[in-house]
Structure formats: C-alpha cells, structure tokens
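K.L.:
Pasted the sequence and its predicted model underneath.
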Amino acid sequence: MADISKRLEKAEKYLQRSKPEAALEEYLGILEDEPRNEQVRQTAADLCLALGRTGEAASLLSFLFDQQFEIGDATGGAFNYKKLSKISAPTPLQTFRYAQLIEKKDKKEALESYEAALAGFEKQRKDKQALAAAKRIVELSPTIENLQRTGEMAAAQGEGKAAATYFLQLGLLEDEESPGTGFQWHARAYELDSMNFQAIYHFGRGLFSRNAVDECIGVLHEVVTHVTGLPEMRELYAHALMAAKRPREAEPYAWELFEKDPKQVDEIMLLISNLITADQHDRALLVAQKLEQLMNKQNKREGFVSNVEPLDDEAAAGPVIENAPPPPAPDPEPVQETWPIKVRLLHKGVRGPKGDMVKELTFREPTGGDINRYGNPCHIDQNGDVVILDRKMTTMIAVLSGILQPFIEAMDPRDWNSCAYRLRGFFIPDPEAW
C-alpha cells in the first residue's frame, strides 16, 4: 500500500510538470497491482483520451463500466458507457447492461439500447441473450409487435410457459382492438401450456363463441372437474354443456353459481329451459321446485307495503277541526276487482307447479313490493300510449301466477298477450287519483 501511495504521488508530480505520458505509465503500473482501483482506472482512461490513445482508453473504460455495473453504480456506469460509445462500439452485453442501469430513469433510451443489444446478440447468434433483451423490451413496451416477437423467440427456444404468457397477452390486446381477433393467439398459448388457466379460459371462450361447444368442453373439462374455484371457467363450462344439450351434466355447476351468488338466478332459468327443450320435464320440475324453495327463503316478505302497520281508526280519521264545514258527499265507489283473477289459455297449456298441464292461469293481486323487486312491466310513452315491457311482464306473469318463468316463456304468444293485456291495467296510473 505504501508503494502504491508513492507511485500515486509520483504520477501527480508528473502531471504537475506537464508530463502526462509519464503519469499515465505510473497509473497503468498501479493497475497491474490493483486492477480494481476504480479511481486510478478512471484517471488513466481520461489521460488516454487526452493523449489520443483511444484503443487503450476503450479497454480501460470497458473494464471500468463492467466493474461499475457489478456494484450497481448506475450514474458512473452510464457516464463511462457514453464515453466508451464515442470511441468504440460497446459489446451487445454492455449495451444490454447500460439499458438495465438507465431503465428507471430514461425508459425511451433504455428501449433503444435494448433493441440495439437484441440486434447485436442476434448477429452473434446468441439466442438466449437475444431473448433476454426481447423480454426486457416487452416489459417496458408490451405492444402487439413486441409481444409476438418475444413469444415466437421463447417458443423457438423451448420456453413454452413463457411463450404462452406472451401469446395470451397478445390475444387479449388484439381482442381489445377488435373482439375475437385474438383467438389464434389464445389457441397458440393453450397449445404451448395447456395448464395455463387463463389460456384455457380464453381459448375455451373463443371455441364457444364459434359454436365449437364439444371442443370447448374438452378444453375445460380437466381443469373444471379437478380444480376448485375459477368461477368464470365453471360458468363457461356450464353454458357449453347446455349448448351441447347436456343439461343434466351442467346442473351441478349452475347450482354452484347460484348458491355463491343468488343474482345468478338466470343460470337456473337457463338450465330449466334447456331441460324442457331436452324433454326432461320431470327433472325441470324438480329444479324449478328447488329454486322456488330457495327463493322463498330469500324473500321472506312481500315488500315494504305489506310490512307497514295499519293506522288505527282515530289516527286514520285525521285531526279534529272545530266548526269545520260538513264533508262533501263521497264519490261513487269504483268497481273493485275480485282477486284472484283468472285467464284461460286457449291455444296451449303450460306446465304447472305440480308438473301437470294447466289451461288456466290464476293471478294473485300485485303489490308495490312486486314492482320494487321485478320492475314495472308497463310505461306510458310520450304519445300517451301504454307500452308493455316484454321481459318484465313475463317475469310478472310468472310471479303472480306461481308458474316458473321458463314455462311462461314456452307459452303460445296469443295466450301470453291475453295475460299481459289482462294485467296491464294494474300497472298504470289512475287519473281519477289526481
């Protein structure tokens, strides 16, 4: 160490006497003994640049950059890389490392450097290093082009799982731009990694949308039947089974969805409809009865109106006003409907709650609670005409008659209209109230 100190003093004296060549020789001598002395190497590199000894300067800066990269000195490393790039061509590895050092600070320059490194690696036929550069590029800029390039490179090098991830991202990106166009990439992702759950789901969904329901079932079956959770995949599997006219197999998955989220009642309605279509009426009735029991447990009251306690006679009469004029004569009482009301089905019977075919529907009196839960099935348009809202009216017919909605949907259209027009008067305002 004492010898090094003396040589440093000697080099400094040479510089003071304007003898840079002699000083440089001293510094180079020190580096032979202490090759990792960063300060001496930096000084020696600067002297080489000043003296026009670019070859030696490049060698010194190259070693210095690699050393600074190893210790994570981003500022010093970036500074010396730029110096090096002015007098010689950095290696692809150095360019890759420079990009890593500046990635957080300057994304644009990092991307350009990664691209340069990638080109250099490919020229050297260093496939693994080229893939590493491509992966960094796609992390910073996950464009369609970058994802496709990196996916193809990963697939070519046998990194199937990584390639599947890139192709999956590519498919989702293309679907965002134009729905359905990402299918080929989801298929490619599934081909490369058949246990990637996202690849399975998106490939299966693409098959389903193309009416390839048997293929869709084949793709989903292994995961759905052996892995818990994955609600989106299970819902798709249930729909595919029903589309394939296999409602009995779909039934446990439909119930599973409903039990986790009662808002998924449409899944059970769809199941019942498919069972009816498949002429499995007895099973459809059992499912309908089970649904009715569950719905009754969830809806333990008829709505707010039925829970309001009636006023006693004194409160109903209102406050007493002394010397008040006699009340006006009451208007004639309006004609009261007698509930329940009945509508005959003249064209086609429907299956009743006990499984028998009925030719007449009996409707209970509707309440405000029914509108609150199922919506008003009628409204008045700007011309003053009453408009029947078909879906809400279908639900209301089912609710008021006690017949399951899928059976109502199977009604003859003429019978449906007979019921709808008989009920519509109870869902529009009465002008006499104004």
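P.N.:
Looks like it came in fine. Worth saying up front: this structure is predicted, and the values here are computed from it rather than measured.
K.L.:
my read: Ala254 touches Ile272, true?
P.N.:
No. Ala254 is beyond contact range of Ile272, at 9.4 Å (criterion: Cβ atoms under 8 Å). Where C-beta positions appear, they are placed from N, C-alpha and C, glycine not excepted.
K.L.:
Low-confidence bits of the protein, can you list those?
P.N.:
1-2, 298-336, 353-355 (pLDDT under 70).
K.L.:
Okay, domains of it per the record?
P.N.:
Segmentation of the chain into domains, based on automatic domain parsing, reads 158-241, 245-300, 339-433.
K.L.:
Just put these in JSON lines and tack on mean neighbour count and distance to Ile30.
P.N.:
Shown next, in JSON lines, are the domains of the chain (neighbours: other Cβ atoms under 10 Å; distance: least, Cβ to Cβ, whole Å):
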{"stretch": "domain 158-241", "mean neighbour count": "19", "distance to Ile30": "46"}
{"stretch": "domain 245-300", "mean neighbour count": "17", "distance to Ile30": "73"}
{"stretch": "domain 339-433", "mean neighbour count": "15", "distance to Ile30": "88"}
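K.L.:
For my notes, please list the ones you listed in JSON lines and give distance to Ser85 for each entry.
P.N.:
Converted to JSON lines, the domains of the chain look like this (distance: least, Cβ to Cβ, whole Å):
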{"stretch": "domain 158-241", "distance to Ser85": "31"}
{"stretch": "domain 245-300", "distance to Ser85": "59"}
{"stretch": "domain 339-433", "distance to Ser85": "68"}
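K.L.:
Mind checking the ones you listed for the one nearest to Ala116?
P.N.:
Closest of these to Ala116 is domain 158-241, at 21.4 Å (criterion: Cβ to Cβ).
K.L.:
before we move on, back to that, I'd like to know which of the domains of the chain lies nearest to Ser88.
P.N.:
Closest to Ser88 of those, according to Cβ to Cβ: domain 158-241, at 33.4 Å.
K.L.:
Please state the offset of that closest one from the chain centre?
P.N.:
Here domain 158-241 is found 13 Å from its chain centre; the criterion is Cα atoms, centre = their mean, to the nearest Å.
K.L.:
change the start of the numbering to 824 and stick with it
P.N.:
Sure, I'll start numbering at 824, so the last one becomes domain 981-1064.
K.L.:
okay, how far is it across it, tip to tip?
P.N.:
Here the two ends of domain 981-1064 are set 35 Å apart, with distance taken as Cα to Cα, to the nearest Å.
K.L.:
Repeat that for stretch 939-953.
P.N.:
10 Å.
K.L.:
on that earlier part again, wait, which of the domains of the chain is closest to Lys909?
P.N.:
Closest approach to Lys909 among these is made by domain 981-1064 (35.9 Å; Cβ to Cβ).
K.L.:
List the contacts of Phe1081.
P.N.:
Contacts of Phe1081 were listed using Cβ atoms under 8 Å, 6 or more residues apart in numbering, and they are Gln1087, Val1088, Glu1090, Ile1091, Leu1114, Leu1117.
K.L.:
possible to save these as JSON lines with distance to Arg1247 and secondary structure?
P.N.:
Below are the contacts of Phe1081 laid out as JSON lines (distance: Cβ to Cβ, whole Å; DSSP: H, G, I helix; E, B strand; the rest coil):
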{"residue": "Gln1087", "distance to Arg1247": "30", "secondary structure": "helix"}
{"residue": "Val1088", "distance to Arg1247": "25", "secondary structure": "helix"}
{"residue": "Glu1090", "distance to Arg1247": "30", "secondary structure": "helix"}
{"residue": "Ile1091", "distance to Arg1247": "28", "secondary structure": "helix"}
{"residue": "Leu1114", "distance to Arg1247": "27", "secondary structure": "helix"}
{"residue": "Leu1117", "distance to Arg1247": "30", "secondary structure": "helix"}
